[in-house]
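> 3D, please:
(2 chains)
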Amino acid sequence: MIIELKGPLLAMLLAILLVPLVPLVHMVLMRGFRHRQSPFGFLVGGCLVYGLAWLGADLCLNGFSPDFGLEMIAGFSTVAFFSLGYAEVFSMVCRGFSLRILIDIFLNGPFTMNQVVSNYGEGRGVDWMIKKRISGIESMGLVKWEDSRLAIASSRARLLGRLGLWFKGILKLGLGG
Amino acid sequence: MESSVFDAIVVSMASGALFLTLHLVLWQWLAPERKAVFLIVGVAVVSYGLMVAGSWMFLNLPPQMHLWTSGPLFMLLLMGYLHLYVGIERSVSVRILGELVRAEENRLTLENLHEIYPYDYMIRHRVDLMVETNWLIESDEKYSCAAKGESLSRVAIFLKKCYGMELTG
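Numbers count the residues shown, from 1 in each chain, chains lettered A, B, ... in the order given. Below you'll find the model as predicted:
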């Protein structure tokens, strides 16, 4: 069976070849607009540039062929796959709890368990991380402070909380977190 | 052409449905420590393979008619699901929201939250998992990086510098 390099296969391969655009554009935006503090916004920008570059390359090489629908599905699916994959990798680097523990131990270890807890985040401690997480979900309008008690702030938050509990229950994942 | 697009989408969706079914059934039986992302990917690969083989044998749909389209589409669906799975399972924020939903009047003080969701637990179960998967080494009750843990840390520190990020975690 001869595999011809055209149509959906070419669309998919182009998307794979252009993947380095995402981190490149993202890094340029992060460093160029450091004052903006919008890492995930810039990530979306990087993915959009990647998608547009793929579309341009595909139209140049494949044109409007009879397999246009298949090419678009193959190409955009591949673009979206790598975009989501990159987002997961960046999220781990940016906010990853386990990776932060690993880096702390690498830089200043070996640690006992108590030292891992107290030295988390270059000495800031786990309390700092919890407050950071709470600030994050507060800024999204999911929680609010009421007389020193943390409370659900919206029906959307209640739905997300219930969805998480339901999902973990169905798959028997325990309490998670 | 429309038939090929339809075939590709149906194969992907059917593979997704088979994957979710197998995943749900397996996860009822497996011990928590065995519920790894690699196993989910394995189940997904088996599901897609079975669906491609099945559609070839029973529907006379050869793989070359749809593989380069149904494959990427299925991989996209899988990646989306993995985001959801890992996000819900590991997320500290999702856990906090869940505890608030379960709490009386949906309210907790930080002390209450710490009793239900001890900060020590957050660290311990991650450290234990990293020891089990050889990212960390435990010796005399102290933890240090294994070789691959050191490599990953160096890569992460390098990436942080590339992104111009000061502090992460």
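> Domains in chain B, by residue range?
As recorded under automatic domain parsing, the domains making up chain B are B:2-90, B:110-163.
> Burial check on the residue nearest to B:L20 when sequence neighbours are not counted, number of neighbours?
Distances taken as Cβ to Cβ, 6 or more residues apart in numbering or on different chains put B:Y81 closest to B:L20, at 8.0 Å, once the chain neighbours are dropped. Every C-beta, even on glycine, is put in place using the N, C-alpha and C of the backbone. By the criterion of other Cβ atoms under 10 Å in any protein chain shown, B:Y81 has 16 neighbours.
> Over to A:C60?
A:C60, neighbours per other Cβ under 10 Å, totals 9.
> Look up how far chain B lies from it.
19 Å (Cβ to the nearest Cβ, to the nearest Å).
> sec struct for that residue, please.
Three-state assignment for A:C60 (DSSP: H, G, I helix; E, B strand; the rest coil): helix.
> hmm, back to that, for the domains of chain B, could you give me TSV that also reports distance to A:E146 and mean pLDDT?
Below are those laid out as TSV (distance: least, Cβ to Cβ, whole Å; pLDDT from 0 to 100):
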stretch	distance to A:E146	mean pLDDT
domain B:2-90	26	93
domain B:110-163	13	90
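> which SS class is the residue nearest to B:L20?
helix.
> Of the domains of chain B, which is nearest A:F42?
domain B:110-163 (9.2 Å; Cβ to Cβ).
> Tell me which stretches of chain B form helices.
Listed in chain order, the helices found in chain B under DSSP state H are B:2-29, B:37-59, B:67-90, B:92-102, B:110-116, B:119-132, B:147-163.
> quick one: which of the domains of chain B is nearest A:P110?
With Cβ to Cβ, the closest approach to A:P110 among the domains of chain B belongs to domain B:110-163: 3.9 Å.
> contacting residues for B:C162?
A:M27 (Cβ atoms under 8 Å, 6 or more residues apart in numbering or on different chains).
> how close does A:L48 get to A:S77?
16 Å (Cβ to Cβ, to the nearest Å).
> and the two? which has more neighbours close in?
A:S77 (26 against 13).
> so for the longest helix belonging to chain A, what's the average pLDDT?
Across chain A, the longest stretch assigned as helix under DSSP H is helix A:68-95. Confidence over helix A:68-95 (mean pLDDT, whole number) is 93.
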